[in-house]
Structures are given as structure tokens and as C-alpha cells.
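1. Everything below, folded, please.
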Amino acid sequence: EVQLVESGGGLVQPGGSLRLSCALSGFSFSAYAMSWVRQAPGKGLEWVAGINSGGDYTAYADSVDGRFTISRDNAKNTVYLQMNSLKPEDTAVYYCAAGGRFAAEWGEYHYWGQGTQVTVSA
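-> Model (predicted):
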């Protein structure tokens, strides 16, 4: 059974940092590209960041470029999202997603976690 489990969300003040983790099981993690996708209250899904299967290529949405960093540890079957300089507009449910090839759009990803809430507020 394929499982993706996110953790690390929470409440943080503007300007603060959080690190999200996503642990995967049930498939060959190192063969899959990974992305983080978010959904803000009342809005649709937004692709945030992605990393290829080998971990040597990353890409970011303009809204988070320079503030967020995606990484992966294939030995631990885990992908991370380091979020710095957080803004209230980063408030959303964050999902990790796995797909057979890298793509900068959420529709290309086949497996999804349950999501973790990130709230940025004073």
C-alpha cells in the first residue's frame, strides 16, 4: 500500500520558519519525482516546489522562490520543505505528492498525502 505522511505543520508568526517532512512507504521512493502542493482557504490547488527523482534538480513557484527549499533523502524515503520568511499568504494545507516524472503542475502527480496545516499569523 502506498502511503505518504506529512508532518511539521503548525502555527508560526510572520517572518518565521517551518520545516515540513513527508515520509513515504509502499513504493520505490527513489524512482519518483516529488512535489509540494498547497491549498489556501477558499482557493484551488497551487504547485509550490518540486524535485526530481535523483535530487539534483529543483524548481519553485514564483511566490515562494528564494524563501522555500525542497530536498529529499532517498535513504530515508523522505522529502522535506524548508520554509523561511513565512508570510500570512503562505497559510494553507500543504500536501506532498509523488509522480513518475518531474512536472511543475500538481495534475501530474499520482500519489498524495493527507496534508498538513500551516498557519502564518501574528
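2. and the residue nearest in space to the middle of the chain, what is it in contact with?
-> Note on the chain: the residue nearest the mean C-alpha position is Trp36, at 2.4 Å, using C-alpha atoms, centre = their mean. Residues near Trp36 by C-beta atoms under 8 Å, 6 or more residues apart in numbering: Leu20, Cys22, Val48, Ala49, Gly50, Ile70, Val79, Leu81, Tyr94, Tyr95, Cys96, Ala97. Every residue, glycine included, has its C-beta placed from N, CA and C.
3. can you pull the buried residues of the helix or strand containing it?
-> For Trp36, the host element (DSSP states H and E) is strand 33-39. Neighbour counts over strand 33-39 (16 or more other C-beta atoms under 10 Å) mark Ala33, Met34, Ser35, Trp36, Val37, Arg38 as buried.
4. likewise stretch 102-119?
-> Phe102, Trp106, Glu108, Tyr109, Tyr111, Trp112, Gly113, Gly115, Thr116, Val118, Thr119.
5. So for that stretch, first residue to last residue, what's the gap.
-> End-to-end distance of stretch 102-119: 28 Å, with C-alpha to C-alpha, to the nearest Å as the criterion.
6. Sounds good, over and out.
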